[in-house]
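Participant: pasted the sequence and its predicted model underneath.
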Amino acid sequence: GAVVSQHPSRVICKSGTSVKIECRSLDFQATTMFWYRQFPKKSLMLMATSNEGSKATYEQGVEKDKFLINHASLTLSTLTVTSAHPEDSSFYICSAAPSSNQPQHFGDGTRLSIL
Amino acid sequence: QKEVEQNSGPLSVPEGAIASLNCTYSDRGSQSFFWYRQYSGKSPELIMSIYSNGDKEDGRFTAQLNKASQYVSLLIRDSQPSDSATYLCAVNPSGGSYIPTFGRGTSLIVHP
């Protein structure tokens, strides 16, 4: 089955640090990947759609300069949280699918804690 | 705005009972429907996909789709405490878009 790998699984760092999260599709190519954020006991919130070879599409209210997305290859998308602050602490999850009519497969998520 | 609606719950059922989770969607042209299970603190895990009207069974899980009523459900037979989780309904919209629409999820509690 389709496998999506996300790394790192947990990050704890000081305020002002930039943090990069990687999302890889291991056994399929993904022209599109999605980045979500989830606060405790809350729903998944789509942050942005990552498009291979072009700019990401951000959802309303998500700062593109704060959350930098790069999708330079068909198997890798990265999310960089720039100058992170405590309010950026959350669970970040990526997903991808082999084609548009197939289900999304999620990475294991990254728990980001900013001190 | 394409929407997927789920009752947030919690739905509480005794161990061994059938848990019934429901989902409605607004995009009549949708063709692909999925159920995910999400344990607390973990990412969602795909448990069922369904593409055509009727029932699809996989072990203790049965997905039911009624496109005319824009309704998809998930039945869990012989519910176990380990089934306690949030269940997310997801719909891929019509038009070949990659962007799935997720419901807010239903919390299921299976008590011994």
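Facilitator: Ah, there it is.

Participant: from now on I want contacts and neighbour counts done on CA atoms only, so please keep to that.
Facilitator: OK.

Participant: who's in contact with residue 78?
Facilitator: In the absence of a named chain, chain A is used. A:20, A:21, A:22, A:23, A:68, A:69, A:70, A:71 (Cα atoms under 8 Å, 6 or more residues apart in numbering or on different chains).

Participant: could you do chain B instead?
Facilitator: Counting by Cα under 8 Å, 6+ apart, residue B:78 has contacts B:15, B:16, B:17, B:18, B:60.

Participant: again, only using 7 Å
Facilitator: B:15, B:16, B:17, B:18 (Cα atoms under 7 Å, 6 or more residues apart in numbering or on different chains).

Participant: then residue B:94?
Facilitator: Applying Cα under 7 Å, 6+ apart, we find residue B:94 in contact with B:29, B:30, B:31.

Participant: mind putting those residues into TSV with distance to residue A:105, neighbour count and secondary structure?
Facilitator: As requested, these are exported to TSV (distance: Cα to Cα, whole Å; neighbours: other Cα atoms under 10 Å in any protein chain shown; DSSP: H, G, I helix; E, B strand; the rest coil):
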residue	distance to residue A:105	neighbour count	secondary structure
B:29	22	12	coil
B:30	19	19	coil
B:31	18	18	coil
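
Participant: residue of chain A nearest chain B, please.
Facilitator: Nearest residue of chain A to chain B: residue A:100, at 4.7 Å (Cα to the nearest Cα).

Participant: circling back to that earlier point, return the member of the contacts of residue B:94 nearest to residue A:35.
Facilitator: residue B:30 (22.2 Å; Cα to Cα).

Participant: how far away is that closest one from residue B:73?
Facilitator: According to Cα to Cα, to the nearest Å, residue B:30 stands 15 Å off from residue B:73.

Participant: quick check: beta-bridge partners of the closest residue to residue A:64 other than its chain neighbours?
Facilitator: Spatial nearest neighbour of residue A:64, chain neighbours left out: residue A:58 (6.7 Å); criterion: Cα to Cα, 6 or more residues apart in numbering or on different chains. According to DSSP bridges, the residues that bridge with residue A:58 are residue A:48.

Participant: what bridges to residue B:85?
Facilitator: Beta-bridge partners, per DSSP bridges, of residue B:85: residue B:108.

Participant: show me where the chain has strands.
Facilitator: I'll assume chain A. A:4-7, A:10-13, A:19-25, A:32-38, A:45-51, A:57-58, A:67-73, A:76-81, A:90-96, A:105-106, A:110-114 (DSSP state E).

Participant: wait, chain B was what I had in mind.
Facilitator: Using DSSP E, strands in chain B cover B:4-5, B:11-14, B:19-25, B:32-38, B:45-50, B:54-58, B:61-66, B:71-76, B:85-92, B:101-102, B:106-111.

Participant: kind regards, and thank you for your time.
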